[in-house]
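1. the following comprises the amino acid sequence and a computationally predicted model.
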Amino acid sequence: MEGPLTLIMPVFNEAETIEKVIRDTYGEVSRWQTAVNFIIAEDGSQDGTKEILYELQKDIPFTLVSSQERKGYTRAFKDALALAGTPWVLFSDSDGQHDPRDMKKLVDAAEGYDIVSGCKTPRHDPPHRLMLSFFYNSFIHVLFGLKMKDCNSGFKLIRKSVIDQVLPQLQDMRDCIMSEFILRAYLLGFRIREIPVTHYARPFGQTAIFQLKQLPGIIWGLLKALVHIKREDQRRKAI
């Protein structure tokens, strides 16, 4: 992979870890990539994250796109990807659960592929999330033929040409927007590779989504979305 690279990190209420995550990430990527467009997409944080980011800008060259109101992960994800202007885009969640050194692994594995997706191995998440992920990925394999262990992983390298085609199609999966992106890219014929990456337990707090009490509604919504995408793909192929 040659040329400049865009690195995108969405951020929401990560005051406890965000400075270390950004410093570690920038330090690692700038070690092997000289032309980096680093974009932080901050989504209406209320815990002091914004102030930390403003201070960090004095030391680290990144573009800060900040929102006064909470947009939610799905809209923040779409808005952030739309900002990319280089042939390749690195996307990473900012909760401290990924190892920045693995970004080079994604880049090194990109030859001949349009997307390289990190599979959290071993995965340090609560049991209910591990179970949901297993059945979710298995159902996608049965329904569409896409065989991945962690399609919703927030740690990916993506060609800009894929983003340009797939982003306008995203509409169905509010809770798993990354897996909708991957699935629609797969259905369009883009080449996807999955590789193992390190995963750490969340150092502070817990994720705001996929809580136990939310699971029934999330599962029902995901099933409806997958069936809708399947029917949509069948209609497209029948034309």
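-> Arrived safely, thanks for sending.

2. residues of the least confident helix or strand in the chain by mean pLDDT that come out buried?
-> The least trusted helix or strand in the chain, going by mean pLDDT, DSSP states H and E, turns out to be helix 73-81, with a mean of 85. Neighbour counts using 16 or more other C-beta atoms under 10 Å place 73-74, 76-78, 80-81 of helix 73-81 among the buried residues. Every residue, glycine included, has its C-beta placed from N, CA and C.

3. and those, which is closest to residue 39?
-> Of all the buried residues of helix 73-81, the one sitting nearest residue 39 is residue 80; the distance, using C-beta to C-beta, is 6.6 Å.

4. circling back: nearest to residue 185 among the buried residues of helix 73-81?
-> Closest approach between these and residue 185, by C-beta to C-beta: residue 81, at 12.1 Å.

5. can you tell me, leaving aside adjacent residues, what's nearest to that closest one?
-> Once its chain neighbours are removed from consideration, residue 81 has its nearest residue in residue 163; the separation is 5.3 Å (C-beta to C-beta, 6 or more residues apart in numbering).

6. ok, residue 38 next?
-> Excluding the flanking residues, the one nearest residue 38 by C-beta to C-beta, 6+ apart is residue 62, at 3.9 Å.

7. what pLDDT is listed against the nearest residue to residue 32 once chain neighbours are set aside?
-> Once flanking residues are discounted, residue 32 sits nearest to residue 104: 5.8 Å by C-beta to C-beta, 6+ apart. According to the predicted model, the pLDDT of residue 104 comes to 96.

8. again, but for the one 3 residues further on
-> Residue 107 is assigned a pLDDT of 96 by the prediction.

9. so where does it fall, helix or strand?
-> Per DSSP states H and E: residue 107 is located in helix 102-108.

10. contacts for that helix, please.
-> Under the criterion C-beta atoms under 8 Å, 6 or more residues apart in numbering, residues 1, 5, 7, 25, 28-29, 32-33, 88, 90, 92, 116, 118, 155-157, 195, 197-198 lie in contact with helix 102-108.

11. just after that helix, pick out the following helix or strand.
-> Beyond helix 102-108 toward the C-terminal end (DSSP H and E), the next one is strand 115-120.

12. convert that following strand to CSV, retaining C-alpha atoms only.
-> Listed in CSV are the C-alpha atoms of strand 115-120, where the atom choice follows Å, rounded to 0.1, in the frame of the first residue of the first chain:
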residue,chain,number,x,y,z
ILE,A,115,-11.0,-4.2,3.1
VAL,A,116,-8.8,-5.7,5.8
SER,A,117,-10.8,-6.3,9.0
GLY,A,118,-9.4,-7.0,12.4
CYS,A,119,-10.8,-10.0,14.3
LYS,A,120,-10.5,-9.6,18.0
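
13. mind giving me the packing neighbours of that strand?
-> Under the contact criterion of 3 or more C-beta pairs under 8 Å, 6 or more residues apart in numbering; DSSP states H and E, strand 115-120 touches helix 102-108, strand 155-159, helix 177-187, strand 192-197.

14. could you pull up phi and psi at residue 6?
-> Reported as degrees, to the nearest 10, the phi and psi values for residue 6 are phi -100, psi 130.

15. returning to that earlier point: help me confirm that the residue nearest to residue 81 comes into contact with residue 78.
-> No - using C-beta atoms under 8 Å, residue 163 makes no contact with residue 78, being 9.9 Å away.

16. packing partners for the longest helix anywhere in the chain?
-> For the chain, the helix reaching the highest residue count under DSSP state H is reported as helix 215-238. Counting contacts by 3+ C-beta pairs under 8 Å, 6+ apart, helix 215-238 is packed against helix 127-144, helix 177-187.
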